[in-house]
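Novice: Coordinates for the following, if possible.
(chains A, B and C)
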Amino acid sequence: MAKAFIPSVLAANDLVEGDSVYLGTDTWVREIARAAVATTPAEAEALAARGVAAERANLVVGAYAVEVNLAGGTPWPIARREQIKASRATTIPVGPAALLDVAA
Amino acid sequence: MSLLIDRGGPIADPWVRVQRDEPLPDGPAIVDPDRLAGLDHAPLGVHLPNTADAAALASEFSRLALISIDFPAFNDGRGFSIARRLRELGYTGRLRAAGPVIADQFAYLLECGFDEVEIPDALAARQPAEHWLAAIARAGHAYQRGRTGARASILDARSADHG
Amino acid sequence: MYRYDEFDAGFVRARVAEFRDQVGRRLAGSLTEDEFKPLRLMNGLYLQLHAYMLRVAIPYGTLSSRQMRMLAEIAERWDRGYGHFTTRQNIQFNWPKLRDVPDILDALASVEMHAIQTSGNCIRNTTSDPLAGVAPDEIEDPRVTCELIRQWSSLHPEFTFLGRKFKIAVSAAEEDRAAVATHDIGLYIVRNDAGEVGYRVLVGGGQGRTPMLAKELRAFLPKADLLPYLEAALRVYNLHGRRDNKFKARIKILVHELGIEEYRRQVEEEFARLDRAAIAAPEAEVARIAAYFAPAPLPARPAEDAGFERALKADPAFAAWVGQNTHPHRVPGYRAVTVSLKPVGGVPGDATAEQMRVLADLAEAHSGAELRVTHEQNIVLPSVGLGDLPKVFRGLAGVGLDAPNRGLVTDIIACPGLDYCALATARSIPVAQAISRRFGDPRRQAEIGPLAIKISGCINACGHHHVGHIGILGIDKAGVESYQITLGGHAGADASLGERTGPGFAFDEVPGVIETLVDRYLELRTSRRETFLQTYRRVGMEPFREALYEPAH
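Specialist: Numbers count the residues shown, from 1 in each chain, chains lettered A, B, ... in the order given. Okay, here's the model as predicted:
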């Protein structure tokens, strides 16, 4: 039996700003909630292809797929690393990088 | 195809790289090291992988007009040390870096003893000869001594200042 | 300290101009990301989890008040108001924009600083003793050697594309405060039987996934041979170090696979062949550099100071801080002060722009306008008169930098971990914060005594967990953070690598685990004078393992 497809979004870093960004419907966005979600392998491939094109166009660097959970209504990453990235939790000056038991 | 550049800019490449079993052309020919023994040809060059032992080639220096060192990737720096060793062992012929090295490395290549770089066309399209010349023009000074080729030595300049 | 001459200044300016050009070519597409990446790394610029990160070199950990103020200005103008001092005596800014980096490098150049070779597969910032020049137990100031190496290794044409990064440390003191044995090359400045000063050369130390302590390459190297010998050692590594596997590419693996005898044979052969005179620094150049490190003429002070003695009696907090955070100085009447960047519950090594400015001001007023960064991620004011210590203490307290915890359980080394780092597999900062809060009571810390906890958020070991008395390594176990504990590591002259206790622990369990280990130590120690490390070396792993895994004990 084929493994169930896990929905994903496409993450990267903005070449000039360096910020982590997600591929939205039209443009790259800062908030994962506004990211375009792939719910089928074909949609994931389409996102990846847009990522490759954006890298070639020197817009972003290092595009990769991030598996997400859609239970909360908007995409939220499954992996801890991606949760931290999506939450931008260390953006507090001299941040106590807050314990991230994210309930999102 | 490829582009050949030395410190003056793009140059014509008179050399033919001879693949393993091909017959030798009349003119300048670059062969693999295992074909050198007993080979009677001039002008003769050899193409070394970057795992080669420079010292093993020392007995052949007098009949080699060119040594080409392979750079499989620009960030594989073994070729720099091989070139340096060849020069220290007394090789005075032409030294070529062959592979996708980048313009930002040109000064270092010259200082390690290379005379020229042979880069693939796709790279040359992005980094034309002007980039290479600009790279050595802005290279400035170096801290190391005992190397010539691109940057003047700061330590030697300071010694001169001290009189 | 060293000052740039016109050549140093020109060198750094040329490098900034080159990087500005490289950024331009990257944005225009003539450099691909694959080509640009090693170039930006060689200028200290990483792309991390959230953003770019710029690592600025603080050569051998020495900086002036003027330079510290510039770091504060950079933090405010181009970053988010703070910086992070690292275990290699550097500082990192976590949020710069690519387009701003050339301007930041220009600002650094204006105060004789740079980010050259703070990353990439090249020779990194040479590290040293934070008490260099003021320690009573040193043979000579190791920073003269460090500066020679800094210059020689900067944009070395042959060694800028090595198989992997290459770290050098230098110590000239009896007590090793530079963790020399965990470096690719470690240099101890020693005196031979004839009374000549030279180097004992170690090679092949390192942490990472295959921790190794360095082995002796040369028992005594004459000083004049330093650069040619390094050149020979690096060349053998550049030619023969493994390039097929990133995790086996450090020189420690080459030395391990060849054996120290064979590696030594090859280095000596290469060294014999080199034109030493052409490579070595001229004597006049060594003397020129040494002159910058001549001991500053400190005004004579009495060995005792009445005001200082009064403050010790009147203020227990001050007395505790003096006892824990100051060190003997080669000149009577002075102390070297460690400013802890480890407030209880804080982020180890972080400092705000305001804190940096206060440190700069205090150094200017009371310590010859000079500061040091330690590999424990703290700051040192190297030469403070006894009578000035109360003022310095008050100044530090005003910005929360008065923690009296140098070398204690809350003086934790931690890498940035998963909160910042693209390579990390687990968080380390929040683990450090939780442990620090658990042991926040200063009396309890003093009761426990010297204890080095070191935390890495991945196998690369930037948090030096292998040489922590208690080491903590965070890994990813099927999507969940798991923390392995090691005991008995140590980074000093009698260096040792820690041994694993057993299976790892969950994120939330770590503070309790540390508490269990500490409690066990307190039961086991023969007296308050026996440190955690001494107790561990005496009793071994078993009692600690039992305490952790067989709680019925």
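
Novice: Which parts of the stretch 251-400 of chain C are strands?
Specialist: Remark: strands of the stretch 251-400 of chain C, listed N- to C-terminal, are C:326-328, C:334-339, C:350-352, C:370-373, C:379-385; assignment by DSSP state E, counting those that start in this stretch.

Novice: Between those strands, which one is closest to B:I5.
Specialist: Shortest separation from B:I5 across the strands of the stretch 251-400 of chain C is recorded for strand C:370-373, at 43.0 Å, computed as CB to CB. For every residue, glycine as well, the C-beta is placed using N, CA and C.

Novice: Show me which positions of that closest one end up buried.
Specialist: In terms of neighbour count (16 or more other CB atoms under 10 Å in any protein chain shown), strand C:370-373 has its buried residues at C:370-373.

Novice: Please name the nearest non-neighbouring residue to residue 15.
Specialist: With no chain named, the answer covers chain A. A:V61 (5.3 Å; CB to CB, 6 or more residues apart in numbering or on different chains).

Novice: other chain: chain B
Specialist: That would be B:P28: by CB to CB, 6+ apart, it lies 4.6 Å from B:W15.

Novice: mind giving me the domain split of chain C?
Specialist: Dividing chain C into domains by automatic domain parsing, as the record does, gives the ranges C:6-109, C:142-292, C:306-397, C:413-549.

Novice: returning to what we had before: confirm the residue nearest to A:L15 sits in a helix?
Specialist: No - when classified by DSSP: H, G, I helix; E, B strand; the rest coil, A:V61 is found to be strand rather than part of a helix.

Novice: who does the worst-scoring helix or strand of chain B on mean pLDDT touch, helix- and strand-wise?
Specialist: Within chain B, judged by mean pLDDT, DSSP states H and E, the helix or strand with the poorest mean is helix B:154-162; its value is a mean of 85. Using 3 or more CB pairs under 8 Å, 6 or more residues apart in numbering or on different chains; DSSP states H and E, the elements in contact with helix B:154-162 are strand B:141-142, helix C:6-28, helix C:283-292.

Novice: What are the buried residues along that helix?
Specialist: Buried, per 16+ other CB under 10 Å, within helix B:154-162: B:154-156, B:158-159.

Novice: Would you mind confirming that C:H256 makes contact with C:P211?
Specialist: No - using CB atoms under 8 Å as the test, C:H256 is too far from C:P211 to be in contact (11.5 Å).

Novice: Those two: which has the busier surroundings?
Specialist: Residue environment comparison for C:H256 versus C:P211 gives the larger neighbour count to C:P211, 20 against 16, counting by other CB atoms under 10 Å in any protein chain shown.

Novice: residues contacting the more buried one?
Specialist: Remark: with contacts taken as CB atoms under 8 Å, 6 or more residues apart in numbering or on different chains, C:P211 is in contact with C:182, C:461, C:466, C:497.

Novice: Now the closest residue to C:S456 other than its chain neighbours. Its backbone dihedrals?
Specialist: Using CB to CB, 6+ apart and skipping residues adjacent in sequence, the residue nearest C:S456 is C:G463, 3.6 Å away. Dihedral pair for C:G463: phi -90, psi 10, per degrees, to the nearest 10.

Novice: ok, now how distant is C:G463 from B:L155?
Specialist: 37 Å (CB to CB, to the nearest Å).

Novice: Using neighbour counts, pick out the buried residues of the helix or strand hosting C:M68.
Specialist: In this structure, C:M68 is located in helix C:65-78 according to DSSP states H and E. Using 16+ other CB under 10 Å as the test for burial, helix C:65-78 gives C:65, C:67-72, C:74-76, C:78.

Novice: same deal with stretch C:236-250?
Specialist: By neighbour count on 16+ other CB under 10 Å, the buried set for stretch C:236-250 is C:236-243, C:248-250.

Novice: my read: C:D361 touches C:R66, true?
Specialist: No - counting by CB under 8 Å, C:R66 is not a contact partner of C:D361; they are 11.4 Å apart.

Novice: gap between the two ends of stretch B:86-106?
Specialist: The first and final residues of stretch B:86-106 sit 18 Å from each other (CA to CA, to the nearest Å).

Novice: Report the distance from it to the chain centre.
Specialist: When C-alpha coordinates are averaged (CA atoms, centre = their mean, to the nearest Å), stretch B:86-106 and its chain have centres 2 Å apart.

Novice: what does stretch C:345-352 give?
Specialist: In terms of CA atoms, centre = their mean, the gap separating the centre of stretch C:345-352 from the centre of its chain is 16 Å.

Novice: Provide a list of residues in contact with the closest residue to C:H156 other than its chain neighbours.
Specialist: The shortest distance from C:H156 to any residue other than its chain neighbours is 5.9 Å, reached at B:Q144 (CB to CB, 6+ apart). The neighbours of B:Q144, taking CB under 8 Å, 6+ apart as the test, are B:111, B:153, B:155, C:152, C:156-157, C:279.

Novice: try C:Y536
Specialist: The neighbours of C:Y536, taking CB under 8 Å, 6+ apart as the test, are C:469, C:487-488, C:521, C:544.

Novice: and the residue of the stretch 301-450 of chain C found nearest chain A, how many neighbours?
Specialist: Shortest the stretch 301-450 of chain C-to-chain A distance, computed as CB to the nearest CB: residue-wise this is C:D419, at 3.9 Å. Applying the criterion other CB under 10 Å, we find 26 residues in the vicinity of C:D419.

Novice: So in terms of bridging, what pairs with C:H490?
Specialist: When bridges are called by DSSP bridges, C:H490 pairs up with C:S496.

Novice: contacting residues for it?
Specialist: When contacts are counted by CB under 8 Å, 6+ apart, C:H490 touches C:452, C:467, C:469, C:496, C:533.

Novice: Go through those residues and name the one nearest chain B.
Specialist: Comparing the contacts of C:H490 against chain B with CB to the nearest CB picks out C:V467 as the nearest, at 29.7 Å.

Novice: mind listing what the closest one touches?
Specialist: Contacts were defined as CB under 8 Å, 6+ apart; by that measure C:V467 touches C:179, C:182, C:207, C:452, C:454, C:489-491, C:495-498.

Novice: low pLDDT regions in chain B?
Specialist: Residues of chain B that meet the criterion pLDDT under 70 lie in B:162-163.

Novice: Assign a three-state SS to the residue in chain A that chain B sits nearest to, would you?
Specialist: In chain A, no residue comes nearer to chain B than A:N58, which is 12.1 Å away by CB to the nearest CB. Of the three states, A:N58 takes coil according to three-state DSSP.

Novice: how close does C:G471 get to chain A?
Specialist: If you measure C:G471 against chain A using CB to the nearest CB, to the nearest Å, the figure is 21 Å.

Novice: ok, what's across the strand from that residue?
Specialist: C:K454, C:T486.

Novice: I'd like to know how far it sits from C:Q534.
Specialist: Per CB to CB, C:G471 is found 17 Å from C:Q534.
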